[in-house]
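A.B. asks: got a predicted model here, sequence first, then my questions.
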Amino acid sequence: SVGAEPAGVPKGVRFLGGGPDSFADLLAAQIERRRERAVPELDDDPAWTIGVAGVDRTLERVHESLLTLADGCIGTAGTPLGRHPAAAPLVLSGGVYVGEGPSSELARCPVWNSLPFDVGDAPVDRSLDLHTGLLRYELAPEAGRVEAMLFSSLARPGTTSLRAAGPRGLLEGGGEVLSLPADREWRRGADEGRVWSQARIGRGGVSVAASESVGGRDGSPTLDRTCVYCPSGERQPVPEQAIARLRETEEAGYERLLAEHRAAWATRWEEAEVRIDGDDELQLGARFALFHLMSSVGEGSEAAVGARGLSGTAYRGHVFWDACAFVLPFLAATHPEAARAMLEYRAHRLPAALAMARRAGRRGARFPWESAADGDDVTPRSAFSRAGERLPILTGELEEHIVADVAWGVGCYVDWSGDAEFLAGTGGRLVAETARYWASRVERDARGRAHIRDVMGPDEYHPHVDDNAFTNVMARWNLRFAADLPAQEGGEVTNAERDEWLAIADSLVDGYDAVSGVYEQFAGFGELEPLLIAELAPHRPIAADLLLGRSRVESAQVIKQADVLMLHHLVPDEVVPSSLGANLDFYEPRTAHASSLSPGIHAALLARAGRHDAACEALSLATRIDLDDTSETTAEGLHLAAMGSVWQALALGFAGVRPAGETLSVDPRLPPQWTGLGLRLQFRGNRLRLEISHDGVEVIPEAPLRVRLGEGEPLVVGPQGAMLHVGSKQEAERD
Ligand code: IFM
């Protein structure tokens, strides 16, 4: 009865009416659904759903990337379940790499989501619910209609579940529970009705156990299949481990597994949701990005986050600066355990980075541009162009900014989490050793100025340049951050070293021209052929190197991706205050956005500059990279860094959120066409909601929070929340 509720039905409760009888009927219906093993329905909310209708042979692999199910431990391509010539079943396990050197790649694992029927030209509908991490299928192959629900459990990473209902004989028709990849020896066996397989890979390996059962209605039986993957980069696999975990999962049963998974996703969204009121397309794009960011990063002892996460084989799963500078900030501000695991991945490979620096005759830690299992440089030295020409790859040798990017990741995590213990230990060590590298890397000229010669900045169209502003200023930031480190255990940073770091930082050239307010991207950039992207093509992104040829882009002021502007984004306190406008004016029209990392960062900065239309356009470009396959590379996996840049554009750009010591600073730039922007964050252990509107900012923290709006004075807002307006000191205090 709702009679006892003084205000009627509480918010969020659906009132069916009919009293206890109706309630009993509802329970009976639920019990019947469970007995029948009905395939669950999705909530079917278009604002949360990515749908793919049919199998388009040319786009199938793109769609399979978009529909990837991952849980931070393994990732599974969203194939059409049955056999289809365009399908490319793929299960990748995070952190386990096969092979050595540049050819090392993420291990392919046995596939759990193949069913034994031909899809043919059957209608196939796939819907991914971003809110719950459930992938639902409706197919009608010749032999009859099939419905299925799949998920990769966020509550029990490495555990997958498939429930499918279809005509008798179709699903139980003798297919393999686990389809083993052909690229290596997988041992296999059976144990009390369960199947298992395992492979040794490097120092570790993967073990998998799976079981299935058929039940439900006679005419349309249901197949339940559950698998458990236990990957490890360090420990040899043992099938008993996977079998024991599978047994626990079986004991829990389907309903509990599903409920736990849904609850885990609900919690993650409560920690991280971003709401854009007034632009449904952007909203869906942002949810899509956040969904894949959250599902790609685990939170165990370490997380190796490759450029495409667990969604595809591009770049062989190698870890780039994408992880530290693009993916990590989102996690640092919403789920710090995962950000910390990403830094532990680097910390565990510090010995390899120290050795790499030593081999180059330098001190400190030289992190590699591409990293995999053991932290050695795994960047390939050449690749074939589409025309079959062998091209050198210079990034491994030249993109040394990765060293400072790793330190920046530490700073970002500590700023958000306030994890002083990490900074005093592991994190501080990373910062100190990277600073030592820069101290031994710079060269002094006769006037005592420090230079970093022969590098490549983020703009990969210009190799072998001197004094790339991004590299130099990031190195300067790294040196200053290290000089300011708290005393470490064992006190290994001496005062003399701190003084040396500060002196080098002060003498590093940065290419800033006080007259124009523009940072020269590298020494001599200003003398290159002036060229604007608009002269080459009406829209971005464009691959200017393919259009103009490598040597022309090298000698022109056309840049692949945000370079100088990355400084305004990552280290705004290291650049001249109010130099953003001049650098945007200069670099924006020269940037091809040929890297997926670029438009989201431009969106963030354009938003800061109050250039709403251009900011929204750049943000839309960033959100559509995978959804529209604008780079034509989504077939090989999702662009995780671009997804991270989408969050950064919304949170750091439009909302203007920045940690400033113990204060959270908020300085929104809301485009007129948006009616609101809602963010959920975690700052120094305090979960909070921000509701930004054209009237002000509502701040609702879990515990008292020091917050500063715009240039105003910091205020303390309690859990009851407060509406802040520029200059609204008294009102906030009264609240
Ligand atoms: O790290 C990026 C780089 O900045 C541009 N090329 C692709 C790499 C991996 O995403």
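C.D. replies: Received the coordinates, thanks. Remember, it's a predicted structure, so these values are computed and weren't measured experimentally.

A.B. asks: quick check on the residue in the stretch 401-550 of the chain positioned nearest to the ligand: phi, psi?
C.D. replies: Proximity of the stretch 401-550 of the chain to the ligand (Cβ to the nearest ligand atom) peaks at Pro458, 5.4 Å away. The C-beta positions use only the backbone N, C-alpha and C, and glycine is treated the same way. Note on Pro458: backbone dihedrals following degrees, to the nearest 10 are phi -60, psi -30.

A.B. asks: that one: neighbour count?
C.D. replies: 25 (other Cβ atoms under 10 Å).

A.B. asks: contact partners for it?
C.D. replies: Pro458 makes contact with Trp321, Glu399, His401, Phe470, Lys560, Gln561, Ala562, Asp563, Met566, Ser595, Leu597 under the criterion Cβ atoms under 8 Å, 6 or more residues apart in numbering.

A.B. asks: and if we set it to 6 Å?
C.D. replies: Counting by Cβ atoms under 6 Å, 6 or more residues apart in numbering, Pro458 makes contact with Phe470, Gln561, Asp563, Met566.

A.B. asks: how about it, nearest residue that isn't a chain neighbour?
C.D. replies: Of all residues not flanking Pro458 in the chain, Asp563 sits nearest, at 4.8 Å (Cβ to Cβ, 6 or more residues apart in numbering).

A.B. asks: assess the claim that that neighbour and Glu460 are in contact.
C.D. replies: No: counting by Cβ atoms under 6 Å, Glu460 is not a contact partner of Asp563; they are 9.4 Å apart.

A.B. asks: in the stretch 501-650 of the chain, where is pLDDT below threshold?
C.D. replies: Counting by pLDDT under 70, not a single residue of the stretch 501-650 of the chain qualifies.

A.B. asks: phi, psi for the closest residue to the ligand within it please.
C.D. replies: Using Cβ to the nearest ligand atom, Ser595 is the residue of the stretch 501-650 of the chain that sits closest to the ligand, at 4.1 Å. Taking degrees, to the nearest 10, you get phi -110, psi 140 for the backbone angles of Ser595.

A.B. asks: one step back: who's more crowded, Asp563 and Glu460?
C.D. replies: Asp563 (28 against 20).

A.B. asks: which ones are touching the more buried one?
C.D. replies: Taking Cβ under 6 Å, 6+ apart, one finds Gly457, Pro458, Asp459, Phe470, Gln521 in contact with Asp563.

A.B. asks: what is the neighbour count of the closest residue to Leu532 other than its chain neighbours?
C.D. replies: Distances taken as Cβ to Cβ, 6+ apart put Pro589 closest to Leu532, at 4.8 Å, once the chain neighbours are dropped. For Pro589, the neighbour count with other Cβ under 10 Å is 14.

A.B. asks: which SS class is Pro589?
C.D. replies: At Pro589 the chain is in helix, as set by DSSP: H, G, I helix; E, B strand; the rest coil.

A.B. asks: who's the spatially closest residue to Arg184 that is not a sequence neighbour bridged to?
C.D. replies: Counting by Cβ to Cβ, 6+ apart, Ala199 is the residue found nearest to Arg184 once chain neighbours are left out, at 5.5 Å. Beta-bridge partners recorded for Ala199 (DSSP bridges): Val206.

A.B. asks: would you mind confirming that Ala199 is in contact with Arg187?
C.D. replies: No: in this structure, Ala199 is not within contact of Arg187 by Cβ under 6 Å, at 7.1 Å.

A.B. asks: which one of the two has more residues nearby?
C.D. replies: Ala199 (23 against 14).

A.B. asks: distance of the more buried one from Glu240?
C.D. replies: As judged by Cβ to Cβ, to the nearest Å, Ala199 and Glu240 stand 16 Å apart.

A.B. asks: what helices and strands are in contact with the longest helix along the chain?
C.D. replies: Among all segments of the chain classified by DSSP state H, the helix with the greatest residue count is helix 239-272. Using 3 or more Cβ pairs under 6 Å, 6 or more residues apart in numbering; DSSP states H and E as the contact test, the elements touching helix 239-272 are strand 194-201, strand 204-216, strand 221-232.

A.B. asks: nearest to Leu27, out of these?
C.D. replies: Closest of these to Leu27 is strand 204-216, at 19.2 Å (criterion: Cβ to Cβ).

A.B. asks: what about the closest one, distance to the chain center?
C.D. replies: 28 Å (Cα atoms, centre = their mean, to the nearest Å).

A.B. asks: same question, stretch 454-463
C.D. replies: For stretch 454-463 - counting by Cα atoms, centre = their mean - the centre lies 24 Å from the chain centre.

A.B. asks: ok, and for it, which residues are buried?
C.D. replies: Across stretch 454-463, burial judged by 16 or more other Cβ atoms under 10 Å covers Val455, Met456, Gly457, Pro458, Asp459, Glu460, Tyr461, His462, Pro463.

A.B. asks: average pLDDT for it?
C.D. replies: In this model, stretch 454-463 carries a mean pLDDT of 98.

A.B. asks: rewinding a little: need the buried residues of stretch 454-463 in a markdown table (columns: distance to Ala641 and secondary structure).
C.D. replies: Output for these, formatted as a markdown table (distance: Cβ to Cβ, whole Å; DSSP: H, G, I helix; E, B strand; the rest coil):
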| residue | distance to Ala641 | secondary structure |
| --- | --- | --- |
| Val455 | 20 | strand |
| Met456 | 17 | coil |
| Gly457 | 16 | coil |
| Pro458 | 11 | coil |
| Asp459 | 15 | coil |
| Glu460 | 14 | coil |
| Tyr461 | 18 | coil |
| His462 | 20 | coil |
| Pro463 | 21 | coil |
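
A.B. asks: greatest separation within these: which pair is it?
C.D. replies: Among the buried residues of stretch 454-463, Val455 and Tyr461 lie farthest apart (Cβ to Cβ), at 13.8 Å.

A.B. asks: tell me the pLDDT at the residue minimising distance to the centre of the chain?
C.D. replies: For the chain, the residue sitting closest to the mean C-alpha position, by Cα atoms, centre = their mean, is Leu293 at 3.6 Å. Turning to Leu293, the model gives it a pLDDT of 98.

A.B. asks: that one contacts Ala642, correct?
C.D. replies: No: Leu293 is beyond contact range of Ala642, at 10.3 Å (criterion: Cβ under 6 Å).

A.B. asks: do stretch 627-636 and the ligand meet?
C.D. replies: No: Stretch 627-636 is not in contact with the ligand by Cβ under 6 Å from any ligand atom; minimum separation 9.7 Å.

A.B. asks: who are the contact partners of Arg476?
C.D. replies: Ala505, Leu508.

A.B. asks: measure it to Ala323 for me?
C.D. replies: 22 Å.

A.B. asks: likewise for His593?
C.D. replies: From His593 to Ala323 the distance is 21 Å (Cβ to Cβ).

A.B. asks: contact residues of the chain facing the ligand?
C.D. replies: Ala307, Tyr315, Phe320, Trp321, Asp322, Pro458, Glu460, Ser595, Leu597, Ala641.

A.B. asks: widest-spaced pair of these?
C.D. replies: Tyr315 and Pro458 (15.8 Å).

A.B. asks: secondary structure class for Ala190?
C.D. replies: Ala190 is classified as strand under three-state DSSP.

A.B. asks: and for it, the neighbour number?
C.D. replies: 10.

A.B. asks: so what's it closest to, chain neighbours aside?
C.D. replies: Trp196 (7.4 Å).

A.B. asks: burial count for the one you found?
C.D. replies: 28.
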